[in-house]
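*Asks:* the amino acid sequence is not available; the structure is as follows:
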DNA sequence: CCGGCCCCTAAGCGCTTGCTCACCCTCGCG
DNA sequence: CGCGAGGGTGAGCAAGCGCTTAGGGGCCGG
């Protein structure tokens, strides 16, 4: 109690783990700028300006612009992975767990699509070591989805001729939500999550379509 | 006969429509560089260097770096749209046309994934008027897919509760191939096309799964 | 009241960027 | 052979980049 985290607004606030306050303001500004223009097109002056600071202030809290991207990418991937693995390790049939995983993963990508866009599409801008670290996290993401699908096939729930390929496609579908979401509007994250969960169950040939529509 | 296009190697060569030769070499170099590093991280010196020319040579054939991106984007979208509309307007049932469209669209994104990456992911780097022009092309892409799905539903071939949403998901799935293809290897464009055609037929609830597997 | 500490800023350094300009080399034609 | 035109180059400009540094202002314990 009385920790910096609580001072910052509790542990469920989006960037609550980033302290002190000035560092978080800079990071949030960087997420917005990176999502809007891309990493390379964003200047450190722009980030500092959005955070209401001078350009030099950035370097008090972060060594380089790349370190900012890495922090964003790391925290974002941790969160996305946590969401997925929680669903993968939950109770229920493979179909229920897969639907749950897709629903929450997609919802996160839609709700926090500016963060997700940076996390998913600016990976190449990281330095070699930082990129390697993030790639390792992504392999765990892949493994979590593959595990659910594999278990569904083993249990006879799913009909999937190509498990690695279908895993890839499912993840690709979910991740790409970050690219297009809210460029049109008119759909809530919950709606997209529900739609995608249904589509993915169809992709793995899970059970009776009529059951899916009702449940 | 004896036109510049034929001199350049015939009309089926990837960038055969770009003349003169030096302009094409620069454009191909730009595609590679943009795909590898992204538009903003690519310098005009890098593009010219890859084409074996001095930095100044670029400006003989293109007014700005952005014009280069626009030319690439325009030609690429034209080609992608042509592929899709050809399949959409072809003969056969809605299921056959949808499978055909997805198969060829995906194959193009895989085979020419460096071009596709630029075309699909560097749109924001275009100036306002050029972007508007490209966005109009993408609406036609969307319309082509939506038409096939709509016709399949009308004919009772498909079971799709949300036609616009499913259209969006199908296109998103195909487009994202450009992002991940060949970062791992081990899959040919034909294989990915076949896999994705099957997955999409499942998404729209087309017919008997057993029939799909045999056909 | 003050001295040290922590954030922060103004100014600017060294470098790279997109792009330009004066000039040259090559080639077809009379 | 002279010549004009068009594709190419070397050098470099103004602007903007990531990042640094010297110094200032507010807060806090003594």
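*Replies:* Perfect, I can see it now. Quick caveat: nothing in here was measured; it's all calculated off a predicted structure.
*Asks:* all helices of chain A, in order?
*Replies:* Ranges of helices in chain A, per DSSP state H, are A:4-7, A:21-37, A:44-50, A:58-61, A:65-88, A:94-111, A:113-121, A:128-154, A:163-175, A:177-180, A:189-203, A:209-214.
*Asks:* okay if I get those helices as a markdown table plus distance to DNA strand C and mean neighbour count?
*Replies:* Where you see a C-beta, it was placed from the backbone N, CA and C, and this is true even at glycine. As requested, the helices of chain A are exported to a markdown table (distance: least, C-beta to the nearest atom of the strand, whole Å; neighbours: other C-beta atoms under 10 Å in any protein chain shown):
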| stretch | distance to DNA strand C | mean neighbour count |
| --- | --- | --- |
| helix A:4-7 | 11 | 12 |
| helix A:21-37 | 3 | 20 |
| helix A:44-50 | 7 | 18 |
| helix A:58-61 | 5 | 17 |
| helix A:65-88 | 13 | 19 |
| helix A:94-111 | 29 | 23 |
| helix A:113-121 | 20 | 23 |
| helix A:128-154 | 19 | 16 |
| helix A:163-175 | 28 | 22 |
| helix A:177-180 | 24 | 22 |
| helix A:189-203 | 33 | 22 |
| helix A:209-214 | 50 | 11 |
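*Asks:* how about those helices in a markdown table, adding distance to residue B:203 and mean pLDDT?
*Replies:* A markdown table is the format used below for the helices of chain A (distance: least, C-beta to C-beta, whole Å; pLDDT from 0 to 100):
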| stretch | distance to residue B:203 | mean pLDDT |
| --- | --- | --- |
| helix A:4-7 | 42 | 43 |
| helix A:21-37 | 28 | 93 |
| helix A:44-50 | 40 | 95 |
| helix A:58-61 | 45 | 93 |
| helix A:65-88 | 21 | 95 |
| helix A:94-111 | 13 | 97 |
| helix A:113-121 | 22 | 96 |
| helix A:128-154 | 16 | 96 |
| helix A:163-175 | 9 | 98 |
| helix A:177-180 | 15 | 96 |
| helix A:189-203 | 5 | 97 |
| helix A:209-214 | 11 | 54 |
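*Asks:* which one of those lies closest to residue B:120?
*Replies:* Proximity to residue B:120 (C-beta to C-beta) singles out helix A:177-180 among the helices of chain A, at 8.8 Å.
*Asks:* list of residues touching that closest one?
*Replies:* When contacts are defined by C-beta atoms under 8 Å, 6 or more residues apart in numbering or on different chains, helix A:177-180 is touched by residues A:106, A:109-110, A:113, A:116-117, A:119-121, A:192, A:196, B:121, B:168, B:172, B:176.
*Asks:* re the thing from before, tell me which of the helices of chain A approaches residue B:141 most closely.
*Replies:* Comparing these under C-beta to C-beta, the one sitting nearest is helix A:177-180, at 12.6 Å.
*Asks:* report whether stretch A:32-39 contacts chain B.
*Replies:* Yes. Applying C-beta under 8 Å from any C-beta of the partner chain, one finds that stretch A:32-39 is in contact with chain B at A:37, A:38.
*Asks:* what residue spans form the domains of chain A?
*Replies:* As assigned by automatic domain parsing, chain A contains the domains A:9-61, A:66-214.
*Asks:* dump these into a markdown table; add distance to residue B:137 as well.
*Replies:* Formatted as a markdown table, the domains of chain A follow (distance: least, C-beta to C-beta, whole Å):
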| stretch | distance to residue B:137 |
| --- | --- |
| domain A:9-61 | 22 |
| domain A:66-214 | 15 |
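*Asks:* for these, which one sits closest to residue B:43?
*Replies:* Nearest of the domains of chain A to residue B:43, taken as C-beta to C-beta: domain A:9-61 at 10.9 Å.
*Asks:* just confirm yes or no for the closest one near DNA strand D.
*Replies:* Yes. With C-beta under 7 Å from any atom of the strand as the criterion, DNA strand D is reached by domain A:9-61 at A:42, A:43, A:44, A:45, A:46, A:55, A:56, A:59.
*Asks:* ok, the closest residue to the fifth one other than its chain neighbours - contacts?
*Replies:* Spatially, and ignoring its direct neighbours in sequence, residue A:46 is nearest to residue A:33 (5.3 Å; C-beta to C-beta, 6 or more residues apart in numbering or on different chains). By C-beta under 8 Å, 6+ apart, the contact set of residue A:33 is A:42, A:46, A:47, A:50.
*Asks:* please list all residues in contact with residue A:29.
*Replies:* The contact partners of residue A:29, by C-beta under 8 Å, 6+ apart, come to A:47, A:48, A:49, A:50, A:51.
*Asks:* typo on my end, residue A:152
*Replies:* Here residue A:152 is in contact with A:93, A:94, A:95, A:98, A:158, A:160, A:204, A:206 (C-beta under 8 Å, 6+ apart).
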